[in-house]
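*Asks:* Model the structure of this input:
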Amino acid sequence: MTASQPVRPITILIAALGGEGGGVLTNWLISAAAKLGFPVQSTSIPGVAQRTGATTYYIEMLPVSGGGSRPVFALTPGIGDIDLFVASELMEAARAVSSGFVTADRTVTIASLHRAYVMAEKTAMSDGRLDPERLIQAVGDNSRQSILFDMDRAARESGAMINAVMLGAIAGSGRLPIPLDAFENAIREDGKAVGNNLRGFQAGLELVRNGIAATPDSPNKRHHPSSSALAAMEREIAAMPALAREVVIEGARRLVAYQDVRYVRLYLDRLNAMRQADERAGAEGRLLREVARHLAVRMSFEDVIRVAQAKIDSSRMARIREEMKIAPDQPFAVVEFLKPGIEEICSVLPPVLARPILGLAQRRQWLGNVYWGMEIKSTSILGFLRFWFLAKLRRFRPSSYRFHEEQAAIESWLTLITDAAKHSPELALEITECARLIKGYGDTHKRGQTNYQMIETRVIRPAIAGTLDRARAVDAIASARTAALVDPEGEGLANCLAAIEQQTAMRVAAE
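*Replies:* So this is what the prediction gives:
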């Protein structure tokens, strides 16, 4: 290196979530660089609560050993000035792209493909999860080089924290002039969980060196048990339009796990009727596919029975043990915090009992105000048996009040879709998508149901009846649905519906 070619500092930005050891990872890098005599400096910016942002660590190092004046480093990262960006989660890599830190002409991005959902995704009225493929494309398109793989899985398989895998990935990228033994020595000198951390380091190193970049597991893919009876139904499904076939099969598997084969039969009977509507409308399977997708979700509605099943699911306990890194012979306890109200309790009762109780509660203004707070240890014998008893009510679910109410609402929704398909497949598709408003149970379900009923009464039914221009009704339903999803409290929806009705009134007056 000549005097006319000064050495430029290497800038590194790390984004890690709470508890993932981002500070330890930074210390390992500082230690490895310092042992080589490189001038190095790090600063950190704490993240915020509720998963709205990671803690970021900024490192600058000058890859020149020896004496001389110490360079002056920046305290904060500059937009477009990052050589190496490392993220412990896919969304954090996308955030860095959005913020301008990751640039296509300079930045090498190393990120994990797994997701830790942000609050906006969890609290959305519909499925608020971001498309991982779009996040991956955004990172790849805006990076000089992107190295993406499931670091969370690698950490679990090696028994290490994810920061050790991240260090191995950094070493494997070859972007830092630091030999492998310097990284390993930094882990050893730290003196904490050395064996596990070295295994995690090796796992990250090998995955990057071998060029393994796994794609994330689709959050929409779930595997459900099959049976001989379901296999016979799958042969029936094979005769359905190719565009809808895969969705129908997944829906059938979901529902046999949720209830039983007879329930799947009801699902297919409803779809056979919708298939005829699809053919008459010339929708070419599009309507059938979307109805099949939303119908499977609506028919597997969340109730007390389903919650109880999930609480004592053996796979859930195994996941908790794995995530908390609990040894196989080590006991642990899981405490569930529940707050059922009158509606949740009545939901599993027969309609003949539930209706008078709910009516009385509504007249006395108890509904929505009376709850019973519970703390149940699902890992204890008594706590497990309480959930087990509720889960066993599955066979009686078709006799419950909630089941009857849901089936009536589903039939009404399907009728509206069928009637709309006689006029326009696009109108029928928009009504189908309104099922996104209805999810969960308790207050969440009530808000979604209320918003849907407002749209049905003031937009959908007038559109089918012809009192609302059908050409404009497609956009009106889409706008109203979007307003309800963005603002679950209903103010945005009320304003949207008022604007639609005002426009309709002006059009009628003009005619």
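*Asks:* got the contact list for the helix or strand A409 falls within?
*Replies:* If you go by DSSP states H and E, A409 is part of helix 401-421. Contacts of helix 401-421 with the rest of the structure, by C-beta atoms under 8 Å, 6 or more residues apart in numbering, involve 270, 273-274, 277-278, 280-281, 283, 287, 291, 295, 298-299, 301, 303, 346-351, 353-355, 397, 427-428, 431-432, 434-435, 438, 449, 456, 460-461, 463-464. Where you see a C-beta, it was placed from the backbone N, CA and C, and this is true even at glycine.
*Asks:* One more pass at 6 Å, please.
*Replies:* Helix 401-421 is contacted from outside by 277, 281, 298, 301, 303, 346-347, 349, 351, 354, 397, 427-428, 431-432, 460, 464, using C-beta atoms under 6 Å, 6 or more residues apart in numbering.
*Asks:* Go through those residues and flag which are in helices.
*Replies:* Within the contacts of helix 401-421, residues falling in helices by DSSP state H are A277, A281, R298, C346, S347, P351, A354, L427, A428, I431, T432, I464.
*Asks:* Taking those residues together, which two end up most distant?
*Replies:* Maximum pairwise distance among the ones in helices among the contacts of helix 401-421 (C-beta to C-beta): 39.1 Å, between A281 and C346.
*Asks:* can you tell me how far the most centrally placed residue in the chain sits from A116?
*Replies:* The residue lying closest to the centre of the chain (C-alpha atoms, centre = their mean) is R129, at 4.1 Å. Distance of R129 to A116, computed by C-beta to C-beta, to the nearest Å: 11 Å.
*Asks:* What of A283?
*Replies:* Taking C-beta to C-beta, one finds A283 at 38 Å from A116.
*Asks:* Ok, L148 next?
*Replies:* To A116, L148 is 16 Å away according to C-beta to C-beta.
*Asks:* Which one's more surrounded, these two?
*Replies:* When L148 is set against A116 and neighbours are counted by other C-beta atoms under 10 Å, the residue ahead is L148, at 23 against 17.
*Asks:* Pairing partners for the helix or strand containing the more buried one, with directions?
*Replies:* L148 belongs to strand 145-149 when assigned by DSSP H and E. Strand pairing for strand 145-149, using DSSP bridges, gives strand 108-112 (parallel).
*Asks:* neighbouring contacts of the strand or helix carrying D269?
*Replies:* Assigned by DSSP H and E, D269 belongs to helix 261-281. Applying C-beta under 6 Å, 6+ apart, the contact partners of helix 261-281 are A229, A252, L255, V256, L287, L288, V291, A292, T418, A421, P425.
*Asks:* So which of those sit within helices?
*Replies:* Checked against DSSP H, those include these in helices: A229, A252, L255, V256, L287, L288, V291, A292, T418, A421, P425.
*Asks:* State the number of residues packed around the third one.
*Replies:* It refers to L255. L255 has 25 nearby residues by other C-beta under 10 Å.
*Asks:* Then the fourth one?
*Replies:* Using other C-beta under 10 Å as the criterion, V256 is surrounded by 22 other residues.
*Asks:* burial count for I312?
*Replies:* So I312, with other C-beta under 10 Å, has 20 neighbours.
*Asks:* just V307 next, same as before
*Replies:* Around V307 there are 17 residues (other C-beta under 10 Å).
*Asks:* next one: A391
*Replies:* Other residues close to A391 by other C-beta under 10 Å number 18.
*Asks:* Please apply the same query to L468.
*Replies:* Number of residues near L468 (other C-beta under 10 Å) recorded here: 23.
*Asks:* distance of I187 from L130?
*Replies:* 34 Å.
*Asks:* of the two, who's got more company?
*Replies:* Comparing I187 with L130 by neighbour count (other C-beta under 10 Å), the higher total belongs to I187, at 25 against 15.
*Asks:* Nearest residue to I326 in space, please, no chain neighbours.
*Replies:* Once flanking residues are discounted, I326 sits nearest to F332: 5.1 Å by C-beta to C-beta, 6 or more residues apart in numbering.
*Asks:* Dump whichever strand or helix holds E250 to PDB, restricted to CA.
*Replies:* Assigned by DSSP H and E, E250 falls within helix 242-258. This file holds the C-alpha atoms of helix 242-258, laid out as PDB (Å, rounded to 0.1, in the frame of the first residue of the first chain):
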ATOM      1  CA  ALA A 242     -56.200 -26.900 -11.100                       C
ATOM      2  CA  LEU A 243     -56.000 -23.300 -10.000                       C
ATOM      3  CA  ALA A 244     -57.900 -24.100  -6.800                       C
ATOM      4  CA  ARG A 245     -56.900 -27.700  -6.200                       C
ATOM      5  CA  GLU A 246     -53.900 -27.200  -3.900                       C
ATOM      6  CA  VAL A 247     -55.800 -24.700  -1.700                       C
ATOM      7  CA  VAL A 248     -58.700 -27.000  -1.300                       C
ATOM      8  CA  ILE A 249     -56.500 -29.900  -0.300                       C
ATOM      9  CA  GLU A 250     -54.800 -27.800   2.400                       C
ATOM     10  CA  GLY A 251     -58.200 -26.500   3.600                       C
ATOM     11  CA  ALA A 252     -59.400 -30.100   3.900                       C
ATOM     12  CA  ARG A 253     -56.400 -31.100   5.900                       C
ATOM     13  CA  ARG A 254     -56.800 -28.100   8.200                       C
ATOM     14  CA  LEU A 255     -60.400 -28.900   8.900                       C
ATOM     15  CA  VAL A 256     -59.900 -32.600   9.600                       C
ATOM     16  CA  ALA A 257     -57.400 -31.700  12.200                       C
ATOM     17  CA  TYR A 258     -59.700 -29.000  13.600                       C
END
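*Asks:* per-residue confidence averaged over it?
*Replies:* Averaged across helix 242-258, the pLDDT comes to 91.
*Asks:* ok, and for that helix, which residues are buried?
*Replies:* 244-245, 247-258 (16 or more other C-beta atoms under 10 Å).
*Asks:* JSON lines for those, including distance to I500?
*Replies:* Below are the buried residues of helix 242-258 laid out as JSON lines (distance: C-beta to C-beta, whole Å):
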{"residue": "A244", "distance to I500": "31"}
{"residue": "R245", "distance to I500": "36"}
{"residue": "V247", "distance to I500": "31"}
{"residue": "V248", "distance to I500": "34"}
{"residue": "I249", "distance to I500": "38"}
{"residue": "E250", "distance to I500": "35"}
{"residue": "G251", "distance to I500": "32"}
{"residue": "A252", "distance to I500": "37"}
{"residue": "R253", "distance to I500": "39"}
{"residue": "R254", "distance to I500": "35"}
{"residue": "L255", "distance to I500": "35"}
{"residue": "V256", "distance to I500": "41"}
{"residue": "A257", "distance to I500": "40"}
{"residue": "Y258", "distance to I500": "36"}
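*Asks:* give the contact list for T107.
*Replies:* I82, F85, S143, R144.
*Asks:* Narrow those residues to those that are buried.
*Replies:* Applying 16+ other C-beta under 10 Å to those, the neighbour count classes I82, F85, S143 as buried.
*Asks:* Assess the claim that the first one and A15 are in contact.
*Replies:* Put plainly, it is I82. No - with contact defined as C-beta atoms under 6 Å, I82 does not count as touching A15 (11.0 Å).
*Asks:* Which neighbours do these two have in common?
*Replies:* Common neighbours of I82 and A15 (C-beta under 6 Å, 6+ apart) do not exist.
*Asks:* Show the end-to-end separation of stretch 334-343, please.
*Replies:* End-to-end span of stretch 334-343 (C-alpha to C-alpha, to the nearest Å): 26 Å.
*Asks:* Actually, stretch 331-344.
*Replies:* 32 Å.
*Asks:* What of stretch 340-359?
*Replies:* Terminal residues of stretch 340-359 lie 18 Å apart, using C-alpha to C-alpha.
*Asks:* roughly how far is that stretch from the heart of the chain?
*Replies:* Distance, stretch centre to chain centre, for stretch 340-359: 31 Å (C-alpha atoms, centre = their mean, to the nearest Å).
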